[in-house]
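J.: A predicted structure for the sequence below; I have some questions about it.
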Amino acid sequence: MVRFLKALLTGRDNATYDVARVLLFCGGLVFLACTLIDVAKGAAFEMDKFGYGFGALLGGGSAGIGLKGHTEPEQSP
């Protein structure tokens, strides 16, 4: 599990943690946690609004990672 998280949160070299990926991961966890808390409190869960918000979060984060991709260090042989 630790290797999976490290591969998920690091850049191409699998050694340097990428701030954009860490923030996207934390933002996704907070988004899901806030949704679960609202549902536990009895608020109505609207799937379409959840999908729009989560899609925007993932799309924006992915675009940011893609735009800065050329600045990442290459993997050493």
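T.: Noted; the coordinates are in hand.

J.: three-state assignment of Ala15?
T.: Here Ala15 takes the coil state, with states given by DSSP: H, G, I helix; E, B strand; the rest coil.

J.: What does the pLDDT read for it?
T.: Looking at Ala15, its pLDDT is 85.

J.: if I look at it, how far off is Met1?
T.: 18 Å (CB to CB, to the nearest Å). Every C-beta, even on glycine, is put in place using the N, C-alpha and C of the backbone.

J.: Between these two, which is the more surrounded one?
T.: Ala15 (11 against 5; other CB atoms under 10 Å).

J.: Let me see the contact set for the more buried one.
T.: With contact set as CB atoms under 8 Å, 6 or more residues apart in numbering, Ala15 has no partners.

J.: Kindly report the same for the one 3 residues further on.
T.: Neighbour list for Asp18: 9-11, 65, 72 [criterion: CB under 8 Å, 6+ apart].

J.: Weed out the non-buried ones from those.
T.: 9-11 (16 or more other CB atoms under 10 Å).

J.: what about the residue nearest to Ala7 when sequence neighbours are not counted, how many neighbours?
T.: Distances taken as CB to CB, 6 or more residues apart in numbering place Asn14 nearest to Ala7, at 6.1 Å, with adjacent residues excluded. By other CB under 10 Å, 11 other residues sit near Asn14.

J.: Asn14 touches Lys6, doesn't it?
T.: Yes: Asn14 is in contact with Lys6 according to CB atoms under 8 Å; the separation is 7.0 Å.

J.: Which of the contacts of Asp18 fall in strands?
T.: Among the contacts of Asp18, no residue falls in strands (DSSP state E).

J.: So which of the buried ones among the contacts of Asp18 are in helices?
T.: Of those, the ones assigned to helices by DSSP state H are Leu9.

J.: Can you tell me which of the buried ones among the contacts of Asp18 lies closest to Ala43?
T.: Leu9 (31.0 Å; CB to CB).
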